[in-house]
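**Q** I would like to see how this sequence folds:
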Amino acid sequence: MPHTAFFRMPKNRVSARTVRAAVGVAAATTRFAPPPGPPKATPTLLPGGKVYAGAAGDAAALQTATRTPVGVHAYGKFEGSVPQGRMITVGSSSNWRTVAAAQPGSALYTNIVRWATTIKSRGGVVLLAYSHEPEVASNTSMGSAADFKAAFARVVTIFRQQGVTNVKYTLQLTAWAFRANPRDRVAAANWYPGDGYVDVVGADAYNWYTCGEGRGNWMELSALAAPALAFAKARNKFVALPEFGVTRDARRAQWLTNAKNYIVANEAWFAGVYYFNRPPTNQKNANCVWTLSSSAEYAAYGSLLRDPNFAY
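**A** Prediction:
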């Protein structure tokens with residue numbers, strides 16, 4: 001895949017598109033410099049440039065159907081090989097407390113270092129998420145929120161100790177975590193490792209409608225993603241949709257078009273978006289059909305992929 005660097009531009013009431021036109025094509029392909037100083041409640045700097053776009057799941061099929069390059073969000077474990085992808089989510093067979101305590105000489109530490117040095121050797125920026133959706137009930141055996149935050153911080157620290165500079169560390173929660181009651185254990189703030197360890201706030205956003213966890217409410221991406229965007233803005237962080245999807249419906253193509261328009265309208269804050277183009281991974285949601293299938297749907301998502309605001 002082509003490699004793209006990034007930059008941040010001052011927030012001066014000039015849109016990212018206007019900035020790119022002013023500084024030219026070369027500057028338009030740069031982004032993601034470290035934030036200057038501690039984040040502020042009212043950010044003084046905004047990200048500029050393009051948004052990574054692609055698919056989690058069957059990116060190859062989507063690329064064939066849209067006749068457009070599709071970026072990849074890949075998944076792996078520290079115990080295994082490092083997959084290719086502009087975004088990579090990594091987990092571990094060890095629980096969070098064990099990861100937080102990983103020390104030189106242990107197999108786990110050695111594997112984390114191997115991942116760090118492998119990604120370091122690759123060109124371009126990689127969005128790296130650790131232990132996605134930690135707040136969901138199926139992950140309670142991994143430990144507490146405090147354990148997760150300590151493990152996330154330990155992974156980031158080990159990567160930094162290897163001199164890795166081309167990674168943006170991404171917290172990948174469900175979109176619901178940003179809408180939940182703040183007193184609920186799943187609320188995003190409970191799982192946030194801290195400004196010093198997070199570059200990108202990620203929300204897995206799904207329009208369930210009547211399938212799986214759905215309650216019969218048709219939800220546009222703008223409604224699903226807005227709370228995560230607000231959470232990111234309050235901390236002067238990028239936002240991402242590591243997974244997003246809409247169950248099969250006659251309105252799906254229009255939903256995708258609306259999603260594109262929403263992301264473009266907020267592109268200064270977005271780091272990456274990846275459509276979940278595969279069958280459900282949870283049997284409770286087995287009746288959800290996320291995979292795109294119609295020519296209208298392919299055209300809608302292809303339009304997003306080819307838009308000059310997006311890159312892969």
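**Q** which residues of the protein fall in strands?
**A** 7-10, 45-48, 51-57, 71-77, 87-91, 126-130, 167-174, 200-207, 238-246, 270-277, 310-311 (DSSP state E).
**Q** separation between residue 280 and residue 261?
**A** To residue 261, residue 280 is 27 Å away according to C-beta to C-beta, to the nearest Å. Just so you know, the C-beta spots here come from the backbone N, C-alpha and C atoms, and that holds for glycine as well.
**Q** So which of the two has more stuff around it?
**A** Using other C-beta atoms under 10 Å, the more surrounded residue of residue 280 and residue 261 is residue 280, with 19 against 15.
**Q** Quick check: chain neighbours aside, which residue is closest to that one?
**A** Nearest residue to residue 280, sequence neighbours excluded (C-beta to C-beta, 6 or more residues apart in numbering): residue 288, at 5.1 Å.
**Q** Neighbours of the one you found, how many?
**A** 24.
**Q** Which residues are in contact with it?
**A** Contacts for residue 288 (C-beta atoms under 8 Å, 6 or more residues apart in numbering) come out as 206, 208, 211, 212, 214, 245, 247, 280.
**Q** closest to residue 218 out of the strands of the chain?
**A** strand 200-207 (6.7 Å; C-beta to C-beta).
**Q** avg pLDDT for that closest one?
**A** On average, the pLDDT along strand 200-207 is 98.
**Q** By neighbours, which of the contacts of residue 288 wins?
**A** Most neighbours among those, by other C-beta under 10 Å: residue 245, with 28 neighbours.
**Q** beta partners for it?
**A** Listed by DSSP bridges, the beta-bridge partners for residue 245 are residue 206.
**Q** unless I'm mixing things up, it is touching residue 206, no?
**A** Yes: the criterion here is C-beta atoms under 8 Å, and residue 245 meets it with residue 206 at 5.1 Å.
**Q** which neighbours do the two share?
**A** 276, 288, 290.
**Q** re earlier: and of the contacts of residue 288, the nearest to residue 172?
**A** Distances from residue 172 to these, taken by C-beta to C-beta, are shortest for residue 206, at 13.5 Å.
**Q** So the closest one is in contact with residue 255, correct?
**A** No: applying C-beta under 8 Å as the test, residue 206 and residue 255 come out as separate, 11.4 Å apart.
**Q** shared neighbours, those two?
**A** Residues touching both residue 206 and residue 255 by C-beta under 8 Å, 6+ apart: residue 246.
**Q** Thank you kindly, that will do.
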